[in-house]
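[1] requesting a structural model of the entry that follows:
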Amino acid sequence: MKIFIIAKSKRHTRIYYYFKKAFQRQGHRTRWIKYLKLKSYLGERAAALAVDKLMAAAKPDLLFFHGRDISCELLRRTKKRMPVVMYFDDCIRGSHRSFDKVVEQGRLADIMYLTNRGEVPQYRELGVNARFITGGCDPAAHRMIDSADPKYQSDVAFIGKPNTPERAEFMQLLAKKFDLKLWGSGWEKYGLRVAAKDVYAAEYRQICASAKIMLGWNIDPTIELYFSNRTWYTLGCGGFLLTAYSPSLEEIFGRGRELDWFETPEECCDKIGYYLQHDEERRKIAAAGYHLAHNEYSYDAMVNRIVEDVKKLV
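    Numbering: from 1, shown residues only. Okay, here's the model as predicted:
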């Protein structure tokens, strides 16, 4: 299959780079078009025309795109030639300012994949063929490393920004009780020290190898099976993950088997205290999480699912 991807780079998460490599590993000829960069150079009309001409000449079998990263007009023209599939790794709370555009693009897509199950019915009611898919890990970027660098060591680590007041208050509480390292920008205004503002794949591996406990905290804890792609990145790097509970999480993970979760700040503190005293149990859970992520929830597994779904459309 010949595949075009239209999405921005996402330097930190590198989602679409990992998708591209996974499509290629599965034998698909894949080309990544950075439409927004072309648009910044040429203007929207000229960029859309250039990409449209390129697709007309190359005749790909599938357009795989990220919501908001392509004009609706270009999407309409593209849909006449091939299946178009949208991937959207956010929730309504996290994307409320652009929700109408996301819905418009979702309606144009043959399939819109969401990385949470809770919002699928809402999108379907709005005329979107929405389907749930998890995130994943990449075999090259997300892997265990042997040595831990003292620079990255801590009892507890969190990678992310203070995107909600609840998250900021929670980290302020943990910083008073534990050896906590925060990785990401914006924490200084809450009186918290930051180890580094930017984290890329190499640092992610080091943090997971060096921190005893990796924390997960989602923007909206009420959405069924909504959690950050950092869940898969952490497990894929062999980190022990203690994450905030999201509804139905037990359908994918065993509590205390591949990771553990908490529902209140008090429970989180109790769990941290427990796992800091039980190294062997913590390592066993991290190893099980690593195997689950790579064996069942890799980008390759996601790509295989997407390709099979597209074949049923033709």
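[2] for the record, mean pLDDT for stretch 34-46?
    Mean pLDDT, taken over the full extent of stretch 34-46, equals 89.
[3] in contact with His294, which residues?
    Listed by Cβ atoms under 8 Å, 6 or more residues apart in numbering, the contact set of His294 reads 137, 139, 142, 236. No exception for glycine: its C-beta is placed from N, CA and C like everyone else's.
[4] actually Cys208, not the one I wrote
    Cys208 neighbours (Cβ under 8 Å, 6+ apart): 144, 214, 234, 237-239.
[5] now a ChimeraX select for only the buried ones of those.
    Written as a ChimeraX command, the selection of buried residues from these, which uses 16 or more other Cβ atoms under 10 Å, is:
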select :214,234,237,238,239
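[6] need the max-distance pair from the contacts of Cys208.
    Based on Cβ to Cβ, the longest span within these runs between Met144 and Met214 and measures 13.1 Å.
[7] related to what we said a few turns ago, of the contacts of His294, which is the nearest to Arg305?
    Checking the contacts of His294 against Arg305 with Cβ to Cβ, the nearest one is Cys137 at 14.9 Å.
[8] so who does that closest one touch?
    232-233, 235-237, 293-294, 297-299.
[9] now with 7 Å, please.
    With contacts taken as Cβ atoms under 7 Å, 6 or more residues apart in numbering, Cys137 has the following neighbours: 232-233, 235-236, 293-294, 297-299.
[10] for Met171, same thing?
    Going by Cβ under 7 Å, 6+ apart, Met171 touches 158, 182, 192.
[11] mind putting the contacts of Cys137 in CSV, distance to Gln122 included?
    Formatted as CSV, the contacts of Cys137 follow (distance: Cβ to Cβ, whole Å):
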residue, distance to Gln122
Trp232, 24
Tyr233, 27
Leu235, 28
Gly236, 30
Ala293, 28
His294, 32
Tyr297, 24
Ser298, 28
Tyr299, 26
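[12] any weak-confidence spans in the protein?
    Of all residues in the chain, those with pLDDT under 70 make up the ranges 93-97.
[13] what residue of it is the furthest out?
    What lies farthest from the middle of the chain is Ala57; by Cα atoms, centre = their mean that is 32.4 Å.
[14] excluding its backbone neighbours, what's nearest the residue most central in space within the chain?
    The chain has Asn229 as the residue nearest its centroid, 2.8 Å off, counting by Cα atoms, centre = their mean. Of all residues beyond its chain neighbours, the one nearest Asn229 is Gly135 (3.8 Å), with distances taken as Cβ to Cβ, 6 or more residues apart in numbering.
[15] quick check: end-to-end length of stretch 252-261?
    Using Cα to Cα, to the nearest Å, the end-to-end distance of stretch 252-261 comes to 13 Å.
[16] give me the buried positions along that stretch.
    In stretch 252-261, residues buried by neighbour count (16+ other Cβ under 10 Å) are 253, 258-261.
[17] in strands, which of these appear?
    Per DSSP state E, strands hold the following members of the buried residues of stretch 252-261: 260-261.
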